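Undergrad: Sequence and predicted structure, then a few things I'm wondering about:
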Amino acid sequence: MSISPVWKSLPGTHDIVRSVLPNGITILARANFDSPSVIISGLIPSGSLFDPADRLGLAYFTSQALMRGTQKHSHQELFEALESAGAVFGFGCSVHNASFSGRALAEDLPLLLDTLNEALRQPTFPIDQVEKLRAQMMTYLAIRAQNTDEVASLRFDDVLFPGHPYGRPEEGHPETVRVITQQELVDFHRKAYGAEGMILAIVGAVQPNEAIDRVGEMLGDWSNPNQYQLPSLPPTSPLEKNHRQHITLPGKTQADLVMGTLGPSRNSPDYLIASIGNNVLGQFGLMGRIGEVVREKAGLAYYASTNLNAWIASGSWEVSAGVNPANLEHAIDLIITELRRFVSEPVTTEELSDSQSNYIGRLPISLESNAGVANAILNLERFQLGLDYYLHYPDLVAAVTPQQILDIAQKYICPDRLAIISAGPEIVT
Amino acid sequence: MTSSVLTVQLDNGLIIHLKEIHTAPLISHWAWYGVGSRDEVAGLTGVSHWVEHMQFKGTDRFPSGVLDKAISRDGGMWNAFTYLDWTAYFETMPADKIDLAIELEADRMLHSRFNADEVESERMVVISEREGAENEPLFRLGEAVSQASFTQHPYRNEIIGSKADLMHIQRDDLYKHYRSRYTPSNAIITMAGDFESGEMLERLRRNYQHLPTQTRPDRYVPYEEPLGEEKRVEVTGPGETTYIHITYRSPQASHADFFAFSLLDSLLSGPSSLSMFGGGGISNKTSRLYRALVESELAVSVSGGLPATLDPGLYEIHITVRPDRTPAEVLKVFDQEILQLQENRVHDVEIARAIKQARALFAYSSENITNQAFWLGFADMFDNYDWFLSYVTRLEQVNARKIEYIAQTYLPSNHRVVGMYLPDGNHTDEGGEEA
């Protein structure tokens, strides 16, 4: 397998500058002067895994409220400054981390960093803004309850990860979001936010060392001696038997199907093998073997593909499809047949070679934009893959064998022990 | 936005735009066709989009299943889009692999098979795509509002087509549409990336020059009368959330008013990028409608957009109403904001701000090769490449008086359709587990 000269353009130790501040903040910076813009992107370990069971949505609510007012600026003033500069900045939240991302013309990097600094360290959670935000979140939850894909996915996570943070929705439920108080947001921020474990990537038309110095000046004195430490997560275990459930949403036309099982964690040596196997199963070309059978041959769905979600402690291996309810059981049967084949015989050398070429070839395109690079180097740090990971990547991909994929498939996928969840119109049997 | 673009028209009418960008060893190749849902007649709505699907079903040289694997194997990214006025296909590939994309697009410009069995299989796929969209309240509302917004013009139809038409369109309908519209004289090739323009032009000549052409198809559409009076549309369905979708008739993108209208939209509902490949937008929390509707706790979100279209189209506003508020309360304040624009001139500082936002959005959406090649062809679909080159300059020429004129000319209530999605109170039923 020949390696294209494209690889010379990928990020690595030769052009990523990494610095760790004494307070624990890791900064990664990479210059790109081909575009006049800059991206900042980062993570703070203050995700929804800290949510009490009766306050699901607390971490997400807190992250969204950080930009609702600070000691120096009101919500409108913060956005007046950003939007006037054509900049954008905001927070998100996943199970493990609160995240932030901003983009501006390079000349406005100080504005992005000032906003980040204020939002992280001086949020005031004004009550009027908290209530406006709550109304928006409640509306989102009402919309989510009518989205067949989201409803099926939520139930799938709940069945696959019972009692585990991975099984709970980051955005919470209406009954939990409704009762979260302003004081609880203040308290959560005080305990969960701090410099320890924070990762920040800066990519764009800026000199890396200057950007790092600037971050150090702003955030170098941030400390929180009481910052939450990552709790140990409960173990996960495969299902004992198939769990089939259909959730009826009246008035809908199509059913969304999510089915699957546990998958490897991102740090597991199984991950890359499973990922390439997953590419054969439901991604390569027009959605791999599953897409070929369900969409191309049977014409049952607009989309039918597989996805491997890998987190710190575990992951999920999912098949999803949107199908007419009359075809739902037929689609499930076709998918299970493909899964049985996947765990009983190795992928062909041609299939593996195709996917390996795809993995190696597509990386430069995914790393072409500032946003793509920022996301990639954040993951290098988050999962401790090493800054030269992409330079070794072709060798890692090329080393995967059909037998390894079969072993991993058999380790994780049992076609008789799947969560099979659908949501959509009533099914008439 | 530089002007270092090589433009050539081949003898068969095919227009080519090439732009060298040597930042990464990648090339993006786009094939654009002047056909979209605008070019469909009653009974055949959705035929352009379905033809686009069939273009992935193979030619004799690149049979079904070979195309996608070949592109994927080389690490390429490819897709296609059918819009109101145009259809586009792109491949972004490592620079040393781009010949595959060129050969593929040249071949399927004329030689797609349209196998009858695959037409039937794809019928189910397209209907499935439509049924997935029907699950969404905003799709159902949007379809009803578009139907009310035009009585004659095909912009009234959904790009995906009506379900009835999708049930009845036949293989020959698709093939006839394909053969009449996919011809060099109705196509544009755009490429951006790591190549030498002279050498690339020769490669393109070798692949496209020999393709026979036919007369550029007539793109007649019936005249659309002014709306005359405000129309109201109501759609009911499941859920708890009320949505409002308002459309105003808007000028075509080539019209001088379009640029001032774009700035008005930016002030009213927030800046939005014309790029269909993102690169990131800008939030709209300081826009007039956000302040008036969301900050004042009447709505939970508001957005707007002025699509660039070949014919006069629609300026669209979407509002998600707060559960404790009524559409009437929202519309009352919305109308006050429109009146403000009609009666009071905006400040120059607001205009300057909107122009900076537009510049930033262009910068964000020009970061990757795929988007650069997109920009090369996009404006040709409704005007020409100069439209794109002069976009920011023409925004800079807009003044407060012009924005006032746009508000007075285009935003009277008798130029609009107000659509509402009203929940009927259905609830979810969680079924039991089966072992």
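TA: Structure received.

Undergrad: what element comes up after the strand or helix carrying residue A:318 heading to the C-terminus?
TA: For residue A:318, the enclosing helix or strand under DSSP states H and E is strand A:315-323. Later in the chain than strand A:315-323, the nearest helix or strand by DSSP H and E is helix A:328-344.

Undergrad: wait, does that next one make contact with chain B?
TA: No. Figure legend: helix A:328-344 not in contact with chain B (Cβ under 8 Å from any Cβ of the partner chain); closest approach 10.3 Å. Glycine gets a C-beta too; all of them are placed from N, C-alpha and C.

Undergrad: Pull up the gap between the residue in chain A that chain B sits nearest to and residue B:70, please.
TA: Closest approach between chain A and chain B, counting by Cβ to the nearest Cβ: residue A:361, at 1.6 Å. For residue A:361, the distance to residue B:70 equals 11 Å [Cβ to Cβ, to the nearest Å].

Undergrad: Same drill for those two, tell me which one is more crowded.
TA: Legend: neighbour count by other Cβ atoms under 10 Å in any protein chain shown for residue A:361 and residue B:70, higher for residue A:361 (23 against 18).

Undergrad: in the stretch 51-200 of chain B, which spans are strands?
TA: In the stretch 51-200 of chain B, the strands defined using DSSP state E, counting those that start in this stretch lie at B:77-82, B:87-94, B:187-193.

Undergrad: And chain A, is the longest one touching that?
TA: Okay, so that is strand B:87-94. Yes. Strand B:87-94 reaches chain A (Cβ under 8 Å from any Cβ) through B:92, B:94.

Undergrad: That strand vs strand B:187-193, what angle?
TA: Angle of strand B:87-94 versus strand B:187-193, following axes from the mean of the first three to the mean of the last three Cα atoms, to 10 degrees, is 30 degrees.

Undergrad: what residues does strand B:87-94 touch?
TA: For strand B:87-94, contacts defined as Cβ atoms under 8 Å, 6 or more residues apart in numbering or on different chains pick out A:4, A:6, A:361, A:364-365, B:25-33, B:35-36, B:48, B:51-52, B:55, B:71, B:74-81, B:98, B:100-101, B:104-105, B:369-370, B:373-374, B:377.

Undergrad: how far does that strand sit from the chain's center?
TA: 16 Å (Cα atoms, centre = their mean, to the nearest Å).

Undergrad: okay, it in PDB with CA atoms only?
TA: Below are the C-alpha coordinates for strand B:87-94, written out as PDB (Å, rounded to 0.1, in the frame of the first residue of the first chain):
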ATOM      1  CA  THR B  87     -28.200  19.900  -9.300                       C
ATOM      2  CA  ALA B  88     -24.500  19.500  -8.400                       C
ATOM      3  CA  TYR B  89     -22.100  16.500  -7.900                       C
ATOM      4  CA  PHE B  90     -18.800  16.800  -6.300                       C
ATOM      5  CA  GLU B  91     -15.700  14.700  -5.500                       C
ATOM      6  CA  THR B  92     -12.900  15.900  -3.300                       C
ATOM      7  CA  MET B  93      -9.900  13.600  -3.700                       C
ATOM      8  CA  PRO B  94      -6.200  13.400  -3.000                       C
END
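
Undergrad: In the stretch 51-200 of chain B, which residue sits closest to chain A?
TA: Using Cβ to the nearest Cβ, residue B:75 is the residue of the stretch 51-200 of chain B that sits closest to chain A, at 1.6 Å.

Undergrad: leaving aside the residues next to it on the chain, what's closest to that residue?
TA: Nearest non-adjacent residue to residue B:75, counting by Cβ to Cβ, 6 or more residues apart in numbering or on different chains: residue A:361, 1.6 Å away.

Undergrad: I'd say the one you found and residue B:71 touch.
TA: No. Counting by Cβ atoms under 8 Å, residue A:361 stays clear of residue B:71, with 9.6 Å between them.

Undergrad: got the residues of the stretch 201-350 of chain A near chain B?
TA: Residues of the stretch 201-350 of chain A lying near chain B by Cβ under 8 Å from any Cβ: A:241-254, A:256, A:284-286, A:292, A:295-303, A:322-324.

Undergrad: Show me just the buried residues among these.
TA: By neighbour count, with 16 or more other Cβ atoms under 10 Å in any protein chain shown, these hold A:242-254, A:256, A:284-286, A:292, A:295-296, A:298-303, A:322-324 as buried.
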